[in-house]
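In: sequence and predicted structure are below.
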Amino acid sequence: MTLERVLVTGATGFTGGHLCRRLARDGYPVRALVRDRDREAELRCQGIEPVLGDLRDRKSLERAAKGVDLVYHVAALFRQENVSRKEMWDTNVEGTRNMLDAAVKVRVRRFVHCSTVGVHGDIKNPPANEEAPYGPGDHYQESKTEGERLVLRYIAEGRLPIVVFRPGGIYGPQDLRFLKLFKAIKSKRFIMLGSGKVLYQLIYIDDLIDGILLCGTKQNAIGNVYILTGKEPATLNHFVQVIAEVVGVPPTRLRFPVMPVYVAGFMCELVCKPFGINPPLYRRRVDFFRKSRCFNITKARNELGFEPKVELETGIRLTAQWYREEGWLR
């Protein structure tokens, strides 16, 4: 059986990189959209064909997608304080439009779009499912919400066979987003803001890749939206406790009210942003301690056969092990 030729955008990022390597190991002919020539040799060594292109350049996307059966659109401009709303919009909305139009033009057979559970914002009545209302809380979430709305319009108009997945908080080896948290806990400098009772439902990277591949292969997935995250939520208190156990320190007892810190973050943003300075503290960072992320994955289970396998404790241990191997956690 001849396997489909696949194009992955965001191939040099965390999720896209893991996806590319899994597809290549499974024998798929994989093409990766890249902007940086310096990454070409690395990708070729992994059995992946790099193609230079940019989401803002529709012609380059048409060249990349030509002859491809399936597109996994994972690329996005993630939230950073020095990235403007316009830059977010150009990549996460207009870049998605360009990739969709290129896929329509070259007649790909399926388009799998990576959204985010962040389109729901703070979950007021957990757990949320795919029908929960949009409630983006920052420029990144707003741009991803509009990007998803755009994709849903293409589905409604019958322009392309599309599947949308919304991943939860992703972690695992090669991801650095939680490194600061691990380091702070390891060095006993972590301070819990608020009660620590907010809910998090993280997904280990291998489980997420399993879910993405189901979106790309199950026939009944076309035209649908799926939340892909871990089996069960955990409180922030439990999450921090597990990390402490894995890195070999006692759980923190330091606590501080969250609202004074949130207000301080707001003031930092007011003072720093007019001068183009990256604030030392900002509200989005404090939101980690304030907003629940809890979801129902019944639809993905029933329709895709999606079943996360990696328990939180195992995933945290594997992540910490990789941090140690890279010399980032001593």
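Out: Great, that's in hand. None of the values given here were measured: they were computed from a predicted structure.
In: what helix or strand does the spatially closest residue to G118 that is not a sequence neighbour sit in?
Out: In space, not counting the residues next to it along the chain, G118 is nearest to Q141; the distance is 4.2 Å by Cβ to Cβ, 6 or more residues apart in numbering. (C-beta placed from N, C-alpha, C; glycine too.) Of the helices and strands defined by DSSP states H and E, Q141 is found in helix 139-156.
In: which neighbouring elements make contact with that helix?
Out: Using 3 or more Cβ pairs under 8 Å, 6 or more residues apart in numbering; DSSP states H and E as the contact test, the elements touching helix 139-156 are helix 85-89, helix 95-106, strand 110-114, strand 162-167.
In: in JSON lines, list those along with mean pLDDT and mean neighbour count.
Out: Output for the helices and strands packed on helix 139-156, formatted as JSON lines (pLDDT from 0 to 100; neighbours: other Cβ atoms under 10 Å):
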{"stretch": "helix 85-89", "mean pLDDT": "86", "mean neighbour count": "16"}
{"stretch": "helix 95-106", "mean pLDDT": "97", "mean neighbour count": "21"}
{"stretch": "strand 110-114", "mean pLDDT": "98", "mean neighbour count": "25"}
{"stretch": "strand 162-167", "mean pLDDT": "98", "mean neighbour count": "24"}
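In: ok, which of those comes nearest E269?
Out: helix 85-89 (13.7 Å; Cβ to Cβ).
In: does anything pack onto the closest one? Which helices or strands?
Out: Secondary-structure packing of helix 85-89 (3+ Cβ pairs under 8 Å, 6+ apart): helix 139-156.
In: ok and the helix it packs on relative to helix 95-106, angle-wise?
Out: Here helix 139-156 points in a direction 20 degrees away from that of helix 95-106 (axes from the mean of the first three to the mean of the last three Cα atoms, to 10 degrees).
In: let me see the backbone angles for R255.
Out: The phi and psi torsions at R255 (degrees, to the nearest 10) take the values phi -140, psi 150.
In: part of a strand, is N278?
Out: No - in this structure, N278 is coil, not part of a strand, as judged by DSSP: H, G, I helix; E, B strand; the rest coil.
In: give me the pLDDT for it.
Out: For N278, the model assigns a pLDDT of 74.
In: can you check S84 too?
Out: The per-residue confidence score, pLDDT, reads 77 for S84.
In: output the below-cut-off pLDDT ranges for the protein.
Out: Judged against pLDDT under 70, the low-scoring parts of the chain cover residues 1-2, 79-82, 275-276.
In: so G327, which state does it fall into?
Out: Remark: G327 carries the secondary structure label coil [criterion: three-state DSSP].
In: any idea how far it lies from K180?
Out: G327 sits 16 Å away from K180, going by Cβ to Cβ, to the nearest Å.
In: give me the more crowded residue out of these two.
Out: Neighbour count, other Cβ atoms under 10 Å: between G327 and K180, K180 has more, with 11 against 7.
In: beyond the strand or helix carrying the more buried one, next helix or strand please.
Out: In the assignment (DSSP H and E), K180 maps to helix 179-186. The first helix or strand that comes after helix 179-186 along the chain, using DSSP H and E, is strand 192-193.
In: got a list of contacts for that next one?
Out: By Cβ atoms under 8 Å, 6 or more residues apart in numbering, the surrounding residues in contact with strand 192-193 are 236-237, 240, 252, 254-258, 261, 286, 289-290.
In: how about the strands in the protein?
Out: Along the chain, the stretches classed as strands by DSSP state E are 6-9, 30-34, 48-52, 70-73, 110-114, 162-167, 170-171, 192-193, 199-200, 203-204, 225-228, 234-235, 255-256.
In: distance to G135 for those strands - can I get that in JSON lines?
Out: Listed next are the strands of the chain as JSON lines, based on distance: least, Cβ to Cβ, whole Å:
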{"stretch": "strand 6-9", "distance to G135": "26"}
{"stretch": "strand 30-34", "distance to G135": "31"}
{"stretch": "strand 48-52", "distance to G135": "36"}
{"stretch": "strand 70-73", "distance to G135": "23"}
{"stretch": "strand 110-114", "distance to G135": "19"}
{"stretch": "strand 162-167", "distance to G135": "13"}
{"stretch": "strand 170-171", "distance to G135": "20"}
{"stretch": "strand 192-193", "distance to G135": "22"}
{"stretch": "strand 199-200", "distance to G135": "16"}
{"stretch": "strand 203-204", "distance to G135": "20"}
{"stretch": "strand 225-228", "distance to G135": "15"}
{"stretch": "strand 234-235", "distance to G135": "21"}
{"stretch": "strand 255-256", "distance to G135": "27"}
